[in-house]
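fold the following and give me the result.
(2 chains)
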Amino acid sequence: MKHGFLDKYSNLKSPLHTLDPRPKVLFTLGLVFTIAWLPVGLWSLYVVAFAIVVAEVLISRVPFTYVTLRATAVLPFSLLIGSMRLLLEGEGALPFVLSLSAKAWLSAMALLALISTTPFPVLLQGLEALGFPKVLVQVLAFMYRYIFVILDEAMRMKRAWDSRGGGRKWWISFKAMAQIVGVLFIRSYERSERVYQAMCSRGFDGRTRTINPFHFGLSETVFSSVSGTSIVVLWTLWSLWS
Amino acid sequence: MSALIEVRELCYRYPEGPLALKGVSFTVQEGEDFALIGPNGAGKSTLLLHLNGLLMGFSLKGGDPVLIKGIPVRKETLKEIRQKVGLVFQDPNDQLFSPTVFEDVAFGPLNQGLGPEEVKERVRKALEAVGISGYEGRSPHHLSFGEKKKVAIATVLSMEPELLVLDEPTANLDPGSRWRLIELLMTLPQTKVIASHDLDLVAMICKKALVLKDGKALAFGPVEDILEDQELLREAGLLPQVMLPSKRGLFKKTYR
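Presented below is the predicted three-dimensional model:
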């Protein structure tokens, strides 16, 4: 069965795609934290942050509408939190709600720009090279490897249910759904044992070893200075305007 | 010179389960490709897991039940044993656990403590040996089943083992891919131990065979003798119980 890629567009060719992932990760984290710290209602700064993300997306040649639309997926969450504040405090909370949504949307765009320019395996290697805990990187790696394998299994079980379910939908029958979830869990558990055996038979002794394939060259230096400057500009404008 | 594999009266009991192996003995000489045939549940996979120490059984006679090149398979020798014995699992989704093909094929050599350049060279050679050079950056999930099988073999070849142990290498492959895999296996120089009920594969590749049923050895000998013995194959559940009639007399298949 075929599924979409988690990291769609990450195999395009652009100056950003060929870059070492480490400066990209650091830039994205810096940008997201800056956006999160911006004060409520300082709209001109939000526009500047938006411009930085737009510039990044344009350089990367990732379709702009893909990034902007996909980033709206976070809006329901921020609106839900905001609506509680609206209920409690009335209209006075409106700038807060709008700022929160704008920040969430901008941050999601920044992260999408990162994963659309970096294939997921490369991103993981980058995180590891940056000193991210190896256990967490491994958990993410296994997730990336097996999420579709497990999804395939779930879809096969759903088909088997559909063909014997007498027309009832599987998600309406709680018993069937509970069984599917339970069996999926047991199968994944058994698979994890076989995967561990396969790792052991190739000399795994609990320590993960990887090759650091990255090279911090001229383009990385250029990217780091430009992106670093953009964040510094954001901070300077903030201190000027407030 | 000691035999490549020596198994002496090997027994194994799964935790809280019945005896899966009930005293199996055989020896395999270097270069003498070996087949392990038998019906489902005969204990073939269990036996294979003993060859690199993933499972450790006991011997009826006492002493070490499994020796690889004269080295007993024990906790202390596991590192050395696993360097010599490459085990390819039946389901390539279990064997391939990394985000990219490169990382998976490099996993073994990295665990052997090799340097980056040497690891890259090993990966290149292993992928070339199975005929899928240039797949380094691909994600295992987006490969066809036949390609996954080849990568699974490459992950073991990159460790440069002396012995290749394959569990049902042709299972679930379509006839074309199955044939290409058999041809590939024939080009690999390592001594092979193959557990299968694909008798064509066994006849093409192996020189000796052990027939296993219910954890016991039914027969052990040259492949020709075993595959000629229809009575034995039927007893082991490897031939249909009924002979199919045909215009040219009784259906008879010879494996040569």
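
which SS class is A:Arg202?
Classification of A:Arg202 using DSSP: H, G, I helix; E, B strand; the rest coil returns coil.

that one touches B:Arg82, doesn't it?
Yes. Using Cβ atoms under 8 Å, A:Arg202 is in contact with B:Arg82, at 7.1 Å. Quick note: C-beta positions are derived from backbone N, CA and C, even for glycine.

could you report the neighbour count for B:Leu10?
With neighbours defined by other Cβ atoms under 10 Å in any protein chain shown, the count for B:Leu10 comes to 26.

an error on my part: the question was meant for B:Gly221.
B:Gly221 - counted by other Cβ under 10 Å - has 13 other residues nearby.

what helix or strand does residue 122 sit in?
I'll assume chain A. Per DSSP states H and E, A:Val122 falls inside helix A:120-129.

think we crossed wires, I meant chain B
helix B:116-129.

before we move on, back to that, what's the next secondary structure element after the helix holding A:Val122?
helix A:134-164.

does chain B sit close to that following helix?
Yes. Helix A:134-164 reaches chain B (Cβ under 8 Å from any Cβ of the partner chain) through A:Ala141, A:Phe142, A:Tyr144, A:Arg145, A:Tyr146, A:Phe148, A:Val149.

buried stuff in that helix?
For helix A:134-164, the neighbour count (16 or more other Cβ atoms under 10 Å in any protein chain shown) marks A:137, A:140-141, A:144-146, A:148-149, A:152-153, A:157-158, A:161 as buried.

so which elements touch it?
helix A:120-129, helix A:174-200 (3 or more Cβ pairs under 8 Å, 6 or more residues apart in numbering or on different chains; DSSP states H and E).

is it correct that B:Leu218 is in contact with B:Leu212?
Yes. Shown here, B:Leu218 and B:Leu212 form a contact pair, counting by Cβ under 8 Å, at 7.0 Å.

more crowded one of those two?
B:Leu212 (25 against 18).

contact partners for the more buried one?
Residues in contact with B:Leu212 (Cβ atoms under 8 Å, 6 or more residues apart in numbering or on different chains) are B:Val24, B:Leu36, B:Ile37, B:Gly38, B:Ala42, B:Gly43, B:Lys44, B:Leu47, B:Leu218, B:Ala236.

repeat that for B:Gly131.
Here B:Gly131 is in contact with B:Lys150, B:Leu184 (Cβ under 8 Å, 6+ apart).

swap in A:Ala108?
Contacts of A:Ala108 (Cβ under 8 Å, 6+ apart): A:Arg70, A:Ala71, A:Ala73, A:Val74.

the helix or strand containing A:Trp105: how far from the chain's middle?
Element membership for A:Trp105 (DSSP H and E) is helix A:94-117. Centroid separation for helix A:94-117 versus its chain: 12 Å, with Cα atoms, centre = their mean, to the nearest Å.

tell me the buried residues in that helix?
Buried-residue list, helix A:94-117, by 16+ other Cβ under 10 Å: A:96-117.

mind checking how far B:Glu160 is from chain A?
Per Cβ to the nearest Cβ, to the nearest Å, B:Glu160 is found 12 Å from chain A.

got the contact list for the residue nearest to that residue when sequence neighbours are not counted?
Leaving aside its chain neighbours, B:Glu160 sits nearest to B:Arg122 (7.2 Å; criterion: Cβ to Cβ, 6 or more residues apart in numbering or on different chains). Going by Cβ under 8 Å, 6+ apart, B:Arg122 touches B:Val105, B:Ala106, B:Pro109, B:Leu114, B:Ser158, B:Met159, B:Glu160.

could I get the average pLDDT for the helix or strand hosting the third one?
It stands for B:Pro109. Counting by DSSP H and E, the element that carries B:Pro109 is helix B:101-111. Helix B:101-111 comes out with an average pLDDT of 94.

what packs against that helix?
helix B:116-129, helix B:145-157.

up against chain A, what does chain B have?
Residues of chain B lying near chain A (Cβ under 8 Å from any Cβ): B:49, B:52, B:54, B:79, B:82-83, B:85-87, B:89, B:91, B:93-100, B:103, B:106-108, B:110-112, B:116, B:119-120, B:137, B:139-141, B:155-156, B:159.

where does the residue nearest to the spatial centre of chain B fall, phi/psi-wise?
Centroid-nearest residue in chain B, with Cα atoms, centre = their mean: B:Leu166, separated by 2.1 Å. When quoted as degrees, to the nearest 10, the phi and psi of B:Leu166 stand at phi -120, psi 130.

look up the closest residue to A:Ser78, ignoring the ones flanking it.
Closest to A:Ser78 by Cβ to Cβ, 6+ apart is A:Ala104, at 4.1 Å.

check contacts around that neighbour.
A:Val74, A:Leu75, A:Phe77, A:Ser78.

and which of those is nearest to chain B?
Within these, proximity to chain B (Cβ to the nearest Cβ) peaks at A:Val74, which comes in at 25.2 Å.

can you count the residues close to that closest one?
Counted with other Cβ under 10 Å, A:Val74 comes out at 18.

got a list of what it touches?
Applying Cβ under 8 Å, 6+ apart to A:Val74 gives the contacts A:Ala104, A:Trp105, A:Ser107, A:Ala108.

got the angle between whichever helix or strand A:Thr65 is part of and helix A:94-117?
Here A:Thr65 is covered by helix A:64-71, with elements defined by DSSP H and E. Helix A:64-71 and helix A:94-117 are oriented at 120 degrees to each other (axes from the mean of the first three to the mean of the last three Cα atoms, to 10 degrees).

could you list the buried residues of helix A:64-71?
Here helix A:64-71 shows A:Val67, A:Thr68, A:Ala71 as buried, counting by 16+ other Cβ under 10 Å.

and if you look at stretch B:116-123?
B:Val119, B:Lys120, B:Arg122, B:Val123.

does the first one touch B:Pro109 like I think?
Yes. Using Cβ under 8 Å as the test, B:Val119 is close enough to B:Pro109 to be in contact (4.6 Å).

mind listing what the nearest residue to A:Val233 once chain neighbours are set aside touches?
Leaving aside its chain neighbours, A:Val233 sits nearest to A:Val48 (7.4 Å; criterion: Cβ to Cβ, 6+ apart). Shown in contact with A:Val48 (Cβ under 8 Å, 6+ apart): A:Val233, A:Leu234, A:Leu237.

any idea which element the first one lies in?
Using DSSP H and E, the element containing A:Val233 is helix A:218-241.

pull that helix out as CSV, backbone CA atoms only.
Taking Å, rounded to 0.1, in the frame of the first residue of the first chain, the C-alpha atoms of helix A:218-241 are listed here in CSV:
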residue,chain,number,x,y,z
LEU,A,218,31.0,28.1,2.6
SER,A,219,27.2,27.8,1.9
GLU,A,220,26.6,26.8,5.5
THR,A,221,28.6,29.8,6.7
VAL,A,222,26.6,32.1,4.4
PHE,A,223,23.3,30.6,5.5
SER,A,224,24.2,30.8,9.2
SER,A,225,25.2,34.5,9.0
VAL,A,226,22.2,35.5,6.9
SER,A,227,19.7,33.6,9.1
GLY,A,228,21.4,34.7,12.3
THR,A,229,21.3,38.3,11.2
SER,A,230,17.6,38.0,10.4
ILE,A,231,16.9,36.8,14.0
VAL,A,232,19.1,39.6,15.4
VAL,A,233,17.1,42.1,13.3
LEU,A,234,13.9,40.8,14.7
TRP,A,235,15.2,41.2,18.3
THR,A,236,16.6,44.7,17.5
LEU,A,237,13.3,45.9,16.0
TRP,A,238,11.5,44.5,19.0
SER,A,239,13.7,46.5,21.4
LEU,A,240,13.3,49.6,19.3
TRP,A,241,9.5,49.4,19.0
